[in-house]
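Trainee: just need the structure, nothing else, for what follows:
(one chain, ligands or ions: 2)
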Amino acid sequence: MKKILITGSNGLLGQKLAKLLLPNTEVELLATSRGENKLATLYPNLAFRAMDVTNPAQVDEVVSAFKPTHIIHTAAMTNVDQCETDREGALAQNRDAVQNLVTACEKYNVHLIHVSTDFIFDGEAGPYAEEAEANPVNFYGKTKLQAEEIVKQASCKWAILRTVLVYGVAHEYGRSNIVLWVRDSLRAGKTIKVVTDQFRTPTLAEDLAMGCWLAAEKDAEGIYNISGKEMLTPYDMALLVADYFKLDTSLIEEADGSTFTQPAKRPARTGFIITKAENQLGYKPHTFTEGIRMVAEQAEA
Ligand SMILES: NC(=O)C1=CN([C@@H]2O[C@H](COP(=O)(O)OP(=O)(O)OC[C@H]3O[C@@H](n4cnc5c(N)ncnc54)[C@H](OP(=O)(O)O)[C@@H]3O)[C@@H](O)[C@H]2O)C=CC1
Ligand SMILES: Cc1cn([C@H]2C[C@H](O)[C@@H](COP(=O)(O)OP(=O)(O)O[C@H]3O[C@@H](C)C(=O)[C@@H](O)[C@H]3O)O2)c(=O)[nH]c1=O
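Mentor: Numbers count the residues shown, from 1 in each chain. Ligands and ions are numbered 1, 2, ... in the order given. I've put the predicted structure just below:
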């Protein structure tokens, strides 16, 4: 029996992990997140405890009470532009929180599965394998790299799962994602500027959740790239979304770094080589088009 504690269960990945693991009879699951449990009505039998990962006493209390065999750590400040301005908050949520979890995992002999990002790289030479040299170009990436360094020093078992541009449908969820943002903008007849000079391997949230489960199931240790397999620009993605929903592609305007800027710099060419996860974990992601179909089915349900 694996006892799995999820952090950030109210988030996109957290919600997909709850959906995936709740019916699994091999798993005793404890969902945790900041504040209220957003999944209480959706999954009435989901065990939940409030746990603010920046609160070391609360982390120790919850982990010592539940005694998980594994922690899947998804909680973070994921708004990249907000991290650029609220640096204190980003350090607390993305770096210091990980120290709290490592301390608890070392104390209670828990296997830590930490979720990280392509944004630890500078985007000069994607797609990246697991051994590539990190060099973040924004503050979010810096905090997530510092988190990785804390995990790598840990004396408990650990795995770091890196992912890219996660998309999917979440319940009571504020943030949009590339598929729904394009669909809703075009449906509203709005012109959108979409970049042609960023390269990603977009990741369906359900696939990322599966990657986390495979790592826990196999007690995997080390670094694994868990993302989609296709290298696409947001412009390519927008066209695929428009085609799927039969929407007007003339509303999609090509943009690049000279015409589209965001407060935080984005690494241009990232994306991951996922051979290691495919061979060692049996990881097998959906295609982007299959992912759009799944998002469409869930969003229109
Ligand atoms: N989304 C993406 O494109 C990518 C994400 N990642 C990584 O994947 C992981 C999951 O991302 P995703 O699911 O999209 O993130 P979300 O932003 O959807 O979810 C993060 C969750 O963490 C919670 N949280 C934030 N701070 C705390 C805290 N102090 N204590 C407890 N919970 C907290 C948030 O709670 P609240 O709802 O209250 O804000 C939110 O529910 C993150 O580690 C992220 O860095 C990596 C690459 C790409
Ligand atoms: C809003 C917008 C985005 N885009 C592009 C830029 C970007 O490549 C993509 C998504 O834009 P966003 O700013 O929403 O996403 P962004 O903050 O770049 O996403 C990042 O999130 C963090 C958590 C990660 O860890 C990274 O892997 C990455 O997924 O869409 C446009 O082309 N036009 C637009 O108007």
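Trainee: pretty sure Y108 sits against T69.
Mentor: No. With contacts counted by Cβ atoms under 8 Å, Y108 stays clear of T69, the gap being 9.8 Å. Glycine gets a C-beta too; all of them are placed from N, C-alpha and C.
Trainee: the stretch 51-200 of the chain: helices as residue ranges?
Mentor: For the stretch 51-200 of the chain, the helices defined by DSSP state H, counting those that start in this stretch occupy 56-66, 80-85, 87-91, 97-108, 139-153, 178-187.
Trainee: got the ones you listed as a markdown table, with mean neighbour count, distance to ligand 2 and mean pLDDT columns?
Mentor: Below are the helices of the stretch 51-200 of the chain laid out as a markdown table (neighbours: other Cβ atoms under 10 Å; distance: least, Cβ to the nearest ligand atom, whole Å; pLDDT from 0 to 100):
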| stretch | mean neighbour count | distance to ligand 2 | mean pLDDT |
| --- | --- | --- | --- |
| helix 56-66 | 16 | 22 | 98 |
| helix 80-85 | 17 | 4 | 98 |
| helix 87-91 | 16 | 11 | 98 |
| helix 97-108 | 21 | 15 | 98 |
| helix 139-153 | 21 | 7 | 98 |
| helix 178-187 | 20 | 5 | 95 |
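Trainee: dump the ones you listed into TSV; add distance to R49 as well.
Mentor: Shown next, in TSV, are those (distance: least, Cβ to Cβ, whole Å):
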stretch	distance to R49
helix 56-66	5
helix 80-85	26
helix 87-91	23
helix 97-108	14
helix 139-153	22
helix 178-187	30
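Trainee: how far away is the spatially most distant residue from the centre of the chain from W158?
Mentor: For the chain, the C-alpha farthest from the mean C-alpha position belongs to S250; by Cα atoms, centre = their mean, that distance is 31.1 Å. As for S250, its distance to W158 is 49 Å (criterion: Cβ to Cβ, to the nearest Å).
Trainee: helices of the stretch 201-301 of the chain, start to end?
Mentor: Counting by DSSP H, counting those that start in this stretch, the segments of the stretch 201-301 of the chain that form helices are 205-217, 234-244, 275-281, 288-299.
Trainee: which stretches of the protein have low pLDDT?
Mentor: Applying pLDDT under 70 to the chain picks out no residues at all.
Trainee: phi, psi for the closest residue to ligand 1 within it please.
Mentor: When scored by Cβ to the nearest ligand atom, the chain has G11 as its residue closest to ligand 1, at 2.0 Å. The phi/psi pair for G11 (degrees, to the nearest 10) reads phi -80, psi -180.
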